[in-house]
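# just need the structure, nothing else, for what follows:
(one chain, ligands or ions: 2)
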Amino acid sequence: MASLFLDNVEQHLEVMRKLPAIEADVERVGSLLAAVLLAGNKLLVCGNGGSAADAQHFASELTGRFIKDRKPLAAIALSTDSSALTCIGNDYGFDDVFARQTEALARPGDCFIGISTSGRSPNVRKAAAAAREAGAKVVGLLGRDGGPLLAESDMAIVAPSEVTARIQEVHILVIHTLCGLIEQKLGIA
Ligand SMILES: O=C(CO)[C@@H](O)[C@H](O)[C@H](O)[C@H](O)COP(=O)(O)O
Ligand SMILES: [Zn+2]
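Numbering: from 1, shown residues only. Ligands and ions are numbered 1, 2, ... in the order given. Down below sits the predicted model:
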């Protein structure tokens, strides 16, 4: 009898084998993010649950380090400030927790990255709209059919799976690749 672990490994590998289909999207987003950072602008990243963890992981690879010693790069996760989350959530509602921070921080030339396995989370969608309003680019890191956020993004990477955990596993691979592409394109790797 196959174990749950081996079932998950098999399912994971099945999804991984489909990833060449999204290679061009990953390259395109990598070029965009590198251009944003090279121009002195910043990345704003957010998501819920596991994607909140991905958002802070992503931002920390850039402000801290990924592979090479290099200057810190401008990226901020909007899902990490418990005071902002509780204040905005309590006073305005949970749908506004990322949008209000985006409205405060996003400037023309910046890039907002919304991470959502369904592409349906209202707080991520509302923040994407606020980013667009501020003149920032919108990138969706999505799954399933991309949800409404797919059409609301300037560029998107959609993990080819219907399973939240598998989508998140693709997202972290994509995030690490984007960090590598950024370092490569900025001439620091
Ligand atoms: O990590 C997991 C499941 O693997 C959960 O925490 C998951 O991220 C949460 O249910 C999120 O609220 C899902 O939101 P989204 O990906 O649909 O935007
Ligand atoms: Zn998870």
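# for the rest of this, base every contact and every neighbour count on C-alpha atoms.
Fine.
# what helices or strands is the lengthiest strand in the chain leaning on?
With DSSP state E setting the assignment, residue counts place strand 137-143 as the longest strand in the chain. On a contact count with 3 or more Cα pairs under 8 Å, 6 or more residues apart in numbering; DSSP states H and E, strand 137-143 meets strand 111-115, helix 122-133, helix 147-151, strand 155-159, helix 164-185.
# is ligand 1 contacted by the fourth one?
Okay, so that is strand 155-159. No: judged by Cα under 6 Å from any ligand atom, strand 155-159 makes no contact with ligand 1; its nearest approach is 11.5 Å.
# and Gly93, how many neighbours?
13 (other Cα atoms under 10 Å).
# can you offset everything so residue one is 64?
Sure thing, new numbering starts at 64, so read that last one as Gly156.
# and it, what's its pLDDT?
For Gly156, the model assigns a pLDDT of 98.
# ok, Ala252 next?
55.
# what about Arg80, how many residues nearby?
10.
# swap that for Arg133, please
The burial count for Arg133: 14, using other Cα under 10 Å.
# in a helix, it, correct?
No: applying DSSP: H, G, I helix; E, B strand; the rest coil, one finds Arg133 to be coil, outside a helix.
# quick one: residues contacting it.
By Cα atoms under 8 Å, 6 or more residues apart in numbering, the contact set of Arg133 is Ile251.
# please repeat the previous calculation with a cut-off of 10 Å.
Counting by Cα atoms under 10 Å, 6 or more residues apart in numbering, Arg133 touches Leu125, Thr126, Gly127, Glu246, Ile251, Ala252.
# most tightly packed of the helices and strands packed on strand 200-206?
strand 174-178 (a mean of 28; mean count of other Cα atoms under 10 Å).
# that one near ligand 1 at all?
No: if you take Cα under 6 Å from any ligand atom as the test, strand 174-178 misses ligand 1, and the best it gets is 6.7 Å.
# so which elements touch that strand?
Applying 3 or more Cα pairs under 10 Å, 6 or more residues apart in numbering; DSSP states H and E, one finds that strand 174-178 contacts helix 86-101, strand 106-110, helix 113-126, strand 138-140, helix 185-196, strand 200-206, strand 218-222.
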